[in-house]
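Novice: Here is my input; please provide its structure:
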Amino acid sequence: QVQLVESGGGLVQAGGSLRLSCAASGGTFSTYVMAWFRQTPGKEREFVARISWSGGITYYADSVKGRFTISRDNAKNTVYLQMNGLKSEDTAVYYCAAGIQPTTMTRKFDYWGQGTQVSVSS
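Specialist: Numbering: from 1, shown residues only. Just a heads-up that it's a prediction; the model follows:
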């Protein structure tokens, strides 16, 4: 059983930056594909970014490509999401997830954090 705890959310002005962190425990972190998703009220959870177990392969949603960077530190059991050039439409609860398959599908990820709120003011 893997436990995931996100941190780093907050309120930021449009154009600003935030770095989210997700600390994992209870499993072999380095064997999991890690991903970030986000969700706003009334909408389905959507894929943001994912990273391979080694960190060598990353993949982004078109909406964040060029602005967000996902990375991981397997020695610290932590995955990060650096968010630059934030826009009001990035406002959401951000979740990290762990799974086996390199996919964008929510249902394919086995473990989820509790989420952290990111609010971007225009």
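Novice: Can you give me the buried ones in stretch 61-75?
Specialist: 61, 64, 68-70, 72, 74 (16 or more other C-beta atoms under 10 Å). (Each C-beta comes from the backbone N, C-alpha and C, glycine too.)
Novice: no, scratch that, I was asking about stretch 44-62
Specialist: By 16+ other C-beta under 10 Å, the buried positions in stretch 44-62 come out as 45, 47-51, 53, 59-61.
Novice: want to throw the buried residues of stretch 61-75 into TSV with secondary structure?
Specialist: Shown next, in TSV, are the buried residues of stretch 61-75 (DSSP: H, G, I helix; E, B strand; the rest coil):
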residue	secondary structure
Ala61	coil
Val64	coil
Phe68	strand
Thr69	strand
Ile70	strand
Arg72	strand
Asn74	coil
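Novice: Could you export those as a markdown table, including pLDDT?
Specialist: Formatted as a markdown table, these follow (pLDDT from 0 to 100):
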| residue | pLDDT |
| --- | --- |
| Ala61 | 98 |
| Val64 | 98 |
| Phe68 | 98 |
| Thr69 | 98 |
| Ile70 | 98 |
| Arg72 | 98 |
| Asn74 | 96 |
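Novice: Assign the residue most central in space within the chain to helix, strand or coil.
Specialist: Centroid-nearest residue in the chain, with C-alpha atoms, centre = their mean: Trp36, separated by 2.3 Å. Of the three states, Trp36 takes strand under three-state DSSP.
Novice: who are the neighbours in contact with it?
Specialist: Trp36 makes contact with 20, 22, 48-50, 70, 79, 81, 94-97, according to C-beta atoms under 8 Å, 6 or more residues apart in numbering.
Novice: Now it. Nearest residue, chain neighbours left out?
Specialist: Val48 (4.3 Å; C-beta to C-beta, 6 or more residues apart in numbering).
Novice: Same question for Thr58.
Specialist: Nearest one to Thr58, counting by C-beta to C-beta, 6+ apart, is Ile51 at 5.1 Å.
Novice: Go ahead and confirm that neighbour touches Phe29.
Specialist: No. Taking contacts as C-beta atoms under 8 Å, Ile51 lies outside contact range of Phe29: 11.7 Å.
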